[in-house]
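[1] show me the folded form of this:
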Amino acid sequence: MRLRLMEATVECLVELGWSGTSTTVVSQRAGVSRGAQLHHFPSKQALVVGAVEHLTERRRHAMADTVRTLPDVGRTRAVLDVLAEQFTSPVFFAALELWVAARTDPDLREAVAPLERRVGRETHAYALELLDVDEQRGRNRELVQATLDLLRGLGLAGTLTDDSRRRAAVLDAWAVTLDTGLER
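    From the prediction side, this is the model:
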């Protein structure tokens, strides 16, 4: 039941946005009673933060399976594709709805900010691992953070139109930059 509620919440955030997502709509979409929803998540804020956190974790596990199949030749570019998926997924778009709403809602910001910091740190560490670099060497830390910032920006650019062709060209060029600049 919790899983259905969390998946329905992310679907609603992506399709309806923050303002269109209500606990009633989520309960109906998940096929659970309002009482059951309130038992697990007493507020809209608790529901959406819990849903984004849970599904972020699920995507991370799915990404780990994908990483096992990455090629040795062209690995940097393949890693960029794996990371880019994190910023073009429904979970990213749901999180984006939360970020925008949290900008003007202090209570929501208080709940969302720690989650965003934790996910940011974990994503950075995971990118270091995927790229097989030590962040203490050279400019590795800055290059990995620039990569994540670039991917987030490309994800944002893709919210209104299909930006996949431009994104691929940018990532091709960035892979060369990383292969040249990272100290392995």
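[2] average model confidence for stretch 26-35?
    Average pLDDT, stretch 26-35: 95.
[3] pull the CA atoms of that stretch into PDB?
    Presented in PDB, the C-alpha positions along stretch 26-35 are these (Å, rounded to 0.1, in the frame of the first residue of the first chain):
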ATOM      1  CA  VAL A  26      -3.100  10.500  -4.700                       C
ATOM      2  CA  SER A  27      -5.300   8.100  -2.600                       C
ATOM      3  CA  GLN A  28      -7.800   7.700  -5.500                       C
ATOM      4  CA  ARG A  29      -5.000   7.000  -8.000                       C
ATOM      5  CA  ALA A  30      -3.300   4.500  -5.600                       C
ATOM      6  CA  GLY A  31      -6.600   2.800  -5.000                       C
ATOM      7  CA  VAL A  32      -6.400   3.200  -1.200                       C
ATOM      8  CA  SER A  33      -8.800   4.800   1.300                       C
ATOM      9  CA  ARG A  34      -8.100   8.200   2.500                       C
ATOM     10  CA  GLY A  35      -7.900   6.800   6.000                       C
END
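[4] would you mark the buried spots in stretch 134-144?
    By neighbour count with 16 or more other CB atoms under 10 Å, stretch 134-144 contains the buried residues 135, 140, 143, 144. All C-beta spots, glycine's among them, are computed from the backbone N, C-alpha and C.
[5] stretch 106-117 now?
    Residues 108, 111, 112, 115 are the ones in stretch 106-117 that count as buried (16+ other CB under 10 Å).
[6] residues making contact with it?
    Applying CB atoms under 8 Å, 6 or more residues apart in numbering, the contact partners of stretch 106-117 are 45, 46, 49, 52, 53, 95, 98, 99, 101, 102, 103.
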